[in-house]
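> just to be clear, the model below is a prediction. Sequence and coordinates:
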Amino acid sequence: MGEIKYNAPDHYLVDELFSEEHKIVRAAIREWVDRAVKPVIEDYANRAEFPKHLIKEMGSIGVFGPYIPEKYGCAGLDHTAYGIIMQELERGDSGIRSMASVQSSLVMYPIYAFGNEEQRMKYLPRLASGELIGCFGLTEPNHGSNPGGMETRVKDMGDHYLLNGAKMWITNSTIADISIVWAKDEEGIIRGMIVEKGWKGFSAPETHGKWSLRASVTGELVFDDVIVPKEFVLPNIQGLKGPMMCLNSARYGIAWGAIGAAMDCYDAALRYSLERIQFGKPIASFQLQQKKLAEALTEITKSQLLTWRLGQLRDQGKATAAQISMAKRNNVFMALTIARETRQILGAMGITGDFPMMRHMMNLESVITYEGTHDVHLLITGHEITGIPAFK
Ligand SMILES: Cc1cc2nc3c(=O)[nH]c(=O)nc-3n(C[C@H](O)[C@H](O)[C@H](O)COP(=O)(O)OP(=O)(O)OC[C@H]3O[C@@H](n4cnc5c(N)ncnc54)[C@H](O)[C@@H]3O)c2cc1C
């Protein structure tokens, strides 16, 4: 029998495509996830609680806004490194990766890309260190896949804006110090703004009863005549393009992250299948179990190559929204399928929290829905092919 490679498969030597810096980043995040996340995550997921004590540690290992320049307290890495970080975090749990995705792509990115220098200097270093936590309010009770229909409004009152409306399904909502909120002005133009915790008329109730992403905070953002001083509006963006550019960055990270969840399931199933004896042999010796493992490795390998190339394109500033969409859709579905199939390799043991598959599987049901549903991403590809937007 040949050498068994656990701890994340690399069948096509994708490692050789990464720089020394990428490998150092990956090793550091992998070591942290194995040490700080894996031993506690099942317990937090059971209690439906986010492990808040990890946030400052995440800041200190540089997972927040890693592609933003060092001047703002960030790591100044490339987008491939960002992807690798998301992959390694999601080997631990999609909830941990979600927290980092939101903080990086949906809060720090818009402040960096659409904010002025004063806003950048005020928030980015503290978001990078984990001293501040952020959330992103786009989805509303009546507008999910169709955010352009949003009902949240800002009214110009001369020296300030007045914000009214509600956002729903917001990651980090109850623990966030600042929220990036998207609302329409009186002319119907979407504007982005920073809303701070504690402002009068602003509340963030938690959403309970989730069977998915249990180790992640989800809640609402409710605005009742909230006064937003004008210097809190992001000056350099108007329209739906703003939130969509943020989602592009987050979806790119999710495409990588899903590979991490799939790797973790594959590793656990491979290990178990070699140890579990039935009919006098390891179950790994049965063709049907080998089929599941072989197909999982094939799909992980294809996804690794897809994201590696996507990383190159993003680093060159060439990755299109449609390319990112395809990778997010493909890789999340791949990971969800692998979670289900590898769960079966473990038989009854697979349904317990002693192994990660059920947790990943449940988490990925959210990941396949948020940041654009599986269906909507297919329609984005359809639009790209035909020029006809079938979702309108
Ligand atoms: C755990 C979690 C965390 C989240 N975090 C955030 C966050 O931090 N910030 C934020 O703003 N949002 C967040 N979301 C919201 C998420 O982005 C939305 O749930 C998602 O966009 C889908 O919207 P919806 O749930 O309203 O579904 P709907 O839009 O109502 O869609 C329902 C179904 O209809 C299908 N559908 C919709 N339109 C079409 C169409 N044109 N053609 C074909 N089928 C269609 C969809 O594919 C889906 O299957 C989060 C969601 C979850 C579950």
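Structure's in. What do you need? Numbering: from 1, shown residues only.

> which residue sits closest to the residue in the chain positioned nearest to the ligand, ignoring its sequence neighbours?
Closest residue of the chain to the ligand, Cβ to the nearest ligand atom: residue 144 (1.8 Å). C-beta: built from backbone N, CA, C; applies to glycine. Nearest non-adjacent residue to residue 144, counting by Cβ to Cβ, 6 or more residues apart in numbering: residue 169, 7.6 Å away.

> so what strands line up beside the helix or strand the one you found falls within?
Under the criterion of DSSP states H and E, residue 169 resides in strand 160-171. For strand 160-171, the pairing partners within the sheet under DSSP bridges are strand 153-156 (antiparallel), strand 218-229 (antiparallel).

> could you dump the ones you listed to TSV with mean pLDDT, mean neighbour count and distance to the ligand?
TSV is the format used below for the strands paired with strand 160-171 (pLDDT from 0 to 100; neighbours: other Cβ atoms under 10 Å; distance: least, Cβ to the nearest ligand atom, whole Å):
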stretch	mean pLDDT	mean neighbour count	distance to the ligand
strand 153-156	98	17	17
strand 218-229	98	19	5
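
> I'd like to know which of the ones you listed is closest to residue 98.
strand 218-229 (9.2 Å; Cβ to Cβ).

> let me see the contact set for the closest residue to residue 292 other than its chain neighbours.
Closest residue to residue 292 apart from its sequence neighbours, by Cβ to Cβ, 6+ apart: residue 341 at 4.8 Å. Residue 341 sits next to 292, 295-296 when contact means Cβ atoms under 8 Å, 6 or more residues apart in numbering.

> following the one helix or strand residue 289 maps to, which helix or strand comes up?
Here residue 289, judged by DSSP H and E, is contained in helix 287-315. Heading C-terminal from helix 287-315, the first helix or strand you meet, by DSSP H and E, is helix 321-345.

> before we move on, back to that, buried ones in the strand holding residue 169?
By 16 or more other Cβ atoms under 10 Å, the buried positions in strand 160-171 come out as 160-161, 163-171.

> do the same with stretch 179-194
Quick answer for stretch 179-194 (16+ other Cβ under 10 Å): 179-184, 190-194.

> tell me how far the ends of it are from each other?
Across stretch 179-194, the terminal residues are separated by 6 Å (Cα to Cα, to the nearest Å).

> and what of stretch 283-291?
This stretch, stretch 283-291, spans 12 Å end to end (Cα to Cα).

> in the stretch 101-250 of the chain, which spans are strands?
Using DSSP state E, counting those that start in this stretch, the strands of the stretch 101-250 of the chain run over 134-137, 153-156, 160-171, 178-184, 190-196, 202-203, 218-229.

> what does the first one rub up against?
Contacts with strand 134-137, where a contact means Cβ under 8 Å, 6+ apart, come from 102-103, 106-108, 110, 123, 127, 152, 167, 170-173, 176-182, 221, 243, 246.

> could you report the pLDDT at residue 9?
pLDDT for residue 9: 90.

> let me know the secondary structure of it.
State at residue 9, reduced to three classes by DSSP: H, G, I helix; E, B strand; the rest coil: coil.

> just checking, it touches residue 269?
No - the criterion here is Cβ atoms under 8 Å, and residue 9 misses it with residue 269 at 11.3 Å.

> show me what from the stretch 1-150 of the chain comes close to the ligand.
Proximity of the stretch 1-150 of the chain to the ligand, by Cβ under 6 Å from any ligand atom, involves residues 102, 135-139, 144-145.

> one more time with 8 Å, if that's ok
Counting by Cβ under 8 Å from any ligand atom, the stretch 1-150 of the chain comes close to the ligand at 98, 102, 106, 135-139, 143-147.

> from those, which is closest to residue 303?
Taking these together and measuring to residue 303 by Cβ to Cβ, the closest member is residue 98, at 18.7 Å.

> what about residue 285, how many neighbours?
Around residue 285 there are 14 other residues, counting by other Cβ atoms under 10 Å.

> quick check: it vs residue 310, distance?
37 Å (Cβ to Cβ, to the nearest Å).

> likewise residue 220?
Distance, residue 220 to residue 310, using Cβ to Cβ: 33 Å.

> show me the domain layout of the chain.
Domains of the chain are assigned by automatic domain parsing as 14-133, 135-232, 241-386.

> with neighbour numbers in mind, choose between residue 9 and residue 269.
residue 269 (28 against 20).

> that one: what secondary structure?
helix.

> got the contact list for the residue nearest to it when sequence neighbours are not counted?
Nearest residue to residue 269 in three dimensions, chain neighbours excluded: residue 342, at 3.6 Å (Cβ to Cβ, 6+ apart). Residue 342 makes contacts with 265-266, 268-269, 292-293, 296, 350, 357, as judged by Cβ under 8 Å, 6+ apart.
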